[in-house]
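Enquirer: Sequence and computational prediction follow.
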Amino acid sequence: MGHRVVEIAWLPRTETEWATFTAARNAAANLWNKLVSMHAVVRRLRLEWPSKARWERWAKGRFPGLSAQSVQQVVQDFCDTLTATTKARKKQKAAREESTQQYPWRCQHRYRDVPYTNQEATLKDGVLRLPHGRGGGVLRVIIPKGLDLPGRVMEAQLAFGVVRLVCEVPETMPSLEAPVLGVDLGVNTLLGATDGERAVLVSGREAKAIVRYRNKALAALTSRIDRSKAGSGRRRKLARARHRMLAKSARRLRDVLHKATRAVARAFPEHRVVVGKPFNDAAKKLGRRQAQQVSSASNAKLIAMLAYKLQGATKVPEPYSSQTCPGCGCRQVCRRVYRCAACGWSAPRDVVGAVNIRCMGLHGGMHSGQPVPTRIAFVRPLRKYPGAPPVDAPGRPGGTPAPRGAA
């Protein structure tokens, strides 16, 4: 079984709901801060970290405003974070690399998202009930009309301005009879997709601009918040501005990603996707700015969107996929346009990567003599293309003939 996250925009409307909402998020932050500070003491004294069950017994009844299962879920999230960090540090130590993973160390959080299990978060008649223990009250979230949940609610999370529902959905195995679509992920070119005969390149300039604005605005607001007095009205005003900016940037980025994947789904319906694995590890070899761009790419979201809009998605390793000629197998480094020095074949670099990734999905590796697209369409996700899919349009902006040298 798989899982899909559904977000519902929601904020309290009455003073009682606001009090319950604030108390729950404050109690979750206090519990997390206490665990962080005690973990620092245990590490400094070189003691063994107690078991999860022991922490659950300790935290029981200490944090009013949270239900017992929400307390257990916060403890579970903290223990899972410790386990993942320990494994990552051991892996880096075995590879003789500098440790970049840190245990949770900030214990000044004022609010934190509140988790609920499916035993607490009950959905009935279009209303989601979120309890908060004895005397904590119950928050009722109305599911918008027309929103069909993809499956049973397994977990809920209460954040500022949004309620996230983790729904269980059956995993659909990709049909082996469906045609294969190779997809290469990037930054300047968000998606490069090809079925061997034609290709679609979706511009990533809009997504790149949104991420850059978000990072710059976040740095500026965080600097102003750090310089303001703790507990002051100015600090709260700046914190609200940061929340609004992050929420707006997330909505804009999600809209761009949906429209980009929709363009691919319209051009290649009912295809099985083979996509290169996310390349965040490659950021270690890049400069500071390029590394930030690569690590900020929304690769996992793109793969998930392609998987449910098409016939599933399979990830394959993509080393040297954009540097190997599909025609003769020659390997060389090029910029935005790949020009083979051996056979003279030429195409955008993202098309080369998509062709080789499709070959790896079909044959398990890169081979020479692969079919290459004869038509290449350049698409902007925020531009509307009425009528037929953009790849079939006879010229710009819908479709563009392949560069010189493409067979």
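Expert: That came through, no problem.
Enquirer: Confirm that residue 5 sits in a strand.
Expert: Yes: membership of residue 5 in a strand is supported by DSSP: H, G, I helix; E, B strand; the rest coil.
Enquirer: and it, how far is that from residue 112?
Expert: 18 Å (CB to CB, to the nearest Å). (Glycine included, C-beta is placed from N, CA and C.)
Enquirer: Of these two, give the one with the bigger neighbour count.
Expert: Neighbours were counted for residue 5 and for residue 112 using other CB atoms under 10 Å; residue 112 has more, 20 against 12.
Enquirer: what sits against the more buried one?
Expert: Contacts for residue 112 (CB atoms under 8 Å, 6 or more residues apart in numbering) come out as 25, 28-29, 32, 74.
Enquirer: where does the stretch 101-250 of the chain dip in pLDDT?
Expert: 171-176 (pLDDT under 70).
Enquirer: how about residue 29, what does it touch?
Expert: 109-112.
Enquirer: Filter the residues you listed down to the buried ones and express that as a ChimeraX selection.
Expert: Selection of buried members from the contacts of residue 29 for ChimeraX, criterion 16 or more other CB atoms under 10 Å:
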select :111,112
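Enquirer: so can I have JSON lines of the contacts of residue 29 showing secondary structure and distance to residue 203?
Expert: Shown next, in JSON lines, are the contacts of residue 29 (DSSP: H, G, I helix; E, B strand; the rest coil; distance: CB to CB, whole Å):
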{"residue": "109", "secondary structure": "coil", "distance to residue 203": "38"}
{"residue": "110", "secondary structure": "coil", "distance to residue 203": "40"}
{"residue": "111", "secondary structure": "coil", "distance to residue 203": "37"}
{"residue": "112", "secondary structure": "coil", "distance to residue 203": "37"}
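Enquirer: which of the contacts of residue 29 lies closest to residue 228?
Expert: Nearest to residue 228 out of these is residue 110 (CB to CB; 13.7 Å).
Enquirer: Any idea how far apart the tips of stretch 314-334 sit?
Expert: 27 Å (CA to CA, to the nearest Å).
Enquirer: to the chain's geometric centre, what's the distance from it?
Expert: Taking CA atoms, centre = their mean, to the nearest Å, one finds the center of stretch 314-334 at 26 Å from the center of the full chain.
Enquirer: which residues make contact with it from outside it?
Expert: 174, 184, 272-277, 279, 303, 338, 340-343, 345, 349-350, 352-353, 355-357, 359-361, 366-370, 372, 407.
Enquirer: Out of the residues you listed, list just those in helices.
Expert: Among the contacts of stretch 314-334, DSSP state H puts 303, 349-350, 352-353, 355-357, 359-361 in helices.
Enquirer: picking up where we left off before, of the contacts of stretch 314-334, select the buried ones using a ChimeraX command.
Expert: Entered in ChimeraX, the line below selects the buried ones among the contacts of stretch 314-334, by 16+ other CB under 10 Å:
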select :174,184,272,273,274,275,276,279,303,338,340,345,349,350,352,353,355,356,357,359,360,361,366,370,372
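Enquirer: rewinding a little: among the contacts of residue 29, which pair sits farthest apart?
Expert: 110 and 112 (8.4 Å).
Enquirer: burial of residue 181, as a residue count?
Expert: Quick note: residue 181 (other CB under 10 Å) scores 28 neighbours.
Enquirer: The one 10 residues further on now?
Expert: Here the count is done by other CB under 10 Å, and residue 191 has 25 residues near it.
Enquirer: Go ahead and confirm residue 309 touches residue 263.
Expert: No: between residue 309 and residue 263 there is no contact under CB atoms under 8 Å: 10.5 Å.
Enquirer: joint contacts of those two?
Expert: Shared contacts of residue 309 and residue 263, defined by CB under 8 Å, 6+ apart, are absent.
Enquirer: So the two - more neighbours on which side?
Expert: For residue 309 versus residue 263, neighbours defined as other CB under 10 Å are more numerous around residue 263 (25 against 16).
Enquirer: pLDDT wise, what is the nearest residue to residue 321 once chain neighbours are set aside at?
Expert: Excluding the flanking residues, the one nearest residue 321 by CB to CB, 6 or more residues apart in numbering is residue 356, at 4.1 Å. You'll see residue 356 listed with a pLDDT of 90.
Enquirer: Also the one 3 residues further on?
Expert: The pLDDT attached to residue 359 in the predicted structure is 89.
Enquirer: what's the distance between it and residue 330?
Expert: Taken as CB to CB, the span from residue 359 to residue 330 is 15 Å.
Enquirer: cool, residue 123 as well?
Expert: Where residue 330 is concerned, residue 123 sits at a distance of 57 Å (CB to CB).
Enquirer: Just confirm residue 340 contacts residue 349, I think it does.
Expert: No: at 11.6 Å, residue 340 and residue 349 do not qualify as touching, with contact defined as CB under 8 Å.
Enquirer: Could you find the closest non-adjacent residue to residue 48?
Expert: Excluding its sequence neighbours, the residue lying closest to residue 48 (CB to CB, 6+ apart) is residue 42, at 7.7 Å.
Enquirer: buried set for the longest helix anywhere in the chain?
Expert: Longest helix of the chain, by residue count under DSSP H: helix 233-267. Within helix 233-267, the residues scored as buried using 16+ other CB under 10 Å are 235, 238-239, 242, 245-246, 249, 252-253, 256-257, 259-261, 263-267.
Enquirer: quick check: mean pLDDT across stretch 67-82?
Expert: Rounded to a whole number, the mean pLDDT of stretch 67-82 is 93.
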